[in-house]
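Peer 1: heads up, no residue letters with this:
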């Protein structure tokens, strides 16, 4: 999705924005004290990215101004002395220009991964692990060349499993080279900070014609979801590493503290 907004918007577009950005929604991210405006504007920009994902297009300049002014009506009393509406609007547009993800990028990535063919993961047949690999791919698509977070608690909610189980799966994907830690990131035993990752897109390749001839069913604990669109198109091609090595690695490794 391009970051450049269309120059015009009909009344339908404006109605979409007015409905999505209600006063109640904006109040949840608006400043509630002095010194919170920068962080609040960043949340506002990310909320607009969620809106763009929902409506399938970039926000127009008219919509951006409308959303900002609705935020201004709630946050203006906490603005810094001497700064004007135009000062904050200029800052908002700058923040929006480099914002790449919404407030819920994991949910967006999961929805896109479920609507695409499941990738193959060497040594694994569980569709949940294959879906996790797909989510990693979509997270990289969303963030471009930038690293991304994979919070295990949020992923656990997606799969309806305990977050420590997701941590095991992520370590397996890292061992296989499908994901890897971003430069400068270190996983610390007992730490409570989620590291950032990259997904190696070179592992994605076209599937063989004999694969995925029937719809795939993604099963989660206590939940069954038929994904009829999960047929053939792309698979993860990895360097051959025996499944036994993966299992041995998982058994010997510690379970990282779940990311909050």
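Peer 2: Right, received. Where do you want to start? Keep in mind the model is a prediction, meaning the values are calculated, not measured.
Peer 1: nearest residue to residue 63 other than its sequence neighbours?
Peer 2: The shortest distance from residue 63 to any non-neighbouring residue, by CB to CB, 6 or more residues apart in numbering, is to residue 17 (4.4 Å). To be clear about C-beta, it is placed using only N, CA and C from the backbone, and glycine gets the same treatment.
Peer 1: Following the chain onward from the strand or helix carrying that neighbour, which element is next?
Peer 2: Using DSSP states H and E, residue 17 sits within helix 11-20. Past helix 11-20, heading to the C-terminal end, the next element that is a helix or strand (DSSP H and E) is helix 23-27.
Peer 1: circling back to that earlier point, test my guess that the residue nearest to residue 63 contacts residue 66.
Peer 2: Yes - applying CB atoms under 8 Å as the test, residue 17 and residue 66 come out as touching, 5.7 Å apart.
Peer 1: returning to what we had before: pull out the buried residues from the helix holding residue 17.
Peer 2: Along helix 11-20, the positions that meet the burial threshold by neighbour count (16 or more other CB atoms under 10 Å) are 13, 16-17, 20.
Peer 1: mind listing the strands for the stretch 51-200 of the chain?
Peer 2: Listed in chain order, the strands found in the stretch 51-200 of the chain under DSSP state E, counting those that start in this stretch are 148-149, 179-181, 196-199.
Peer 1: Need the residues that contact the first one.
Peer 2: Spelled out, it's strand 148-149. For strand 148-149, the surrounding residues in contact (CB atoms under 8 Å, 6 or more residues apart in numbering) are 101, 105, 139-140, 142, 194-199, 259.
Peer 1: hey, where'd the helices end up in the chain?
Peer 2: Here the chain has its helices, by DSSP state H, at 11-20, 23-27, 37-55, 61-75, 85-98, 105-114, 127-143, 152-159, 163-175, 243-252.
Peer 1: Tell me where the model's unsure across the stretch 1-150 of the chain.
Peer 2: Low-confidence segments of the stretch 1-150 of the chain, defined by pLDDT under 70: 1-12.
Peer 1: again, 50 this time
Peer 2: Across the stretch 1-150 of the chain, residues meeting the criterion (pLDDT under 50) sit at 1-7.
Peer 1: could I get the contacts of strand 148-149 as a markdown table with distance to residue 41 and neighbour count?
Peer 2: Conversion of those to a markdown table gives the following (distance: CB to CB, whole Å; neighbours: other CB atoms under 10 Å):
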| residue | distance to residue 41 | neighbour count |
| --- | --- | --- |
| 101 | 15 | 21 |
| 105 | 18 | 22 |
| 139 | 24 | 25 |
| 140 | 26 | 20 |
| 142 | 20 | 20 |
| 194 | 23 | 19 |
| 195 | 26 | 19 |
| 196 | 23 | 16 |
| 197 | 27 | 22 |
| 198 | 27 | 19 |
| 199 | 29 | 25 |
| 259 | 25 | 19 |
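Peer 1: give the contact list for the residue lying closest to residue 109 once chain neighbours are set aside.
Peer 2: The spatially closest residue to residue 109, leaving aside those adjacent along the chain, is residue 138, at 3.9 Å (CB to CB, 6+ apart). Contacts were defined as CB under 8 Å, 6+ apart; by that measure residue 138 touches 108-110, 112-113, 116.
Peer 1: Please repeat the previous calculation with a cut-off of 7 Å.
Peer 2: Residues counted as contacts of residue 138 (CB atoms under 7 Å, 6 or more residues apart in numbering) are 109, 112-113.
Peer 1: Can you pull the domain assignment for this protein?
Peer 2: Domain segmentation of the chain under automatic domain parsing yields 11-98, 105-252.
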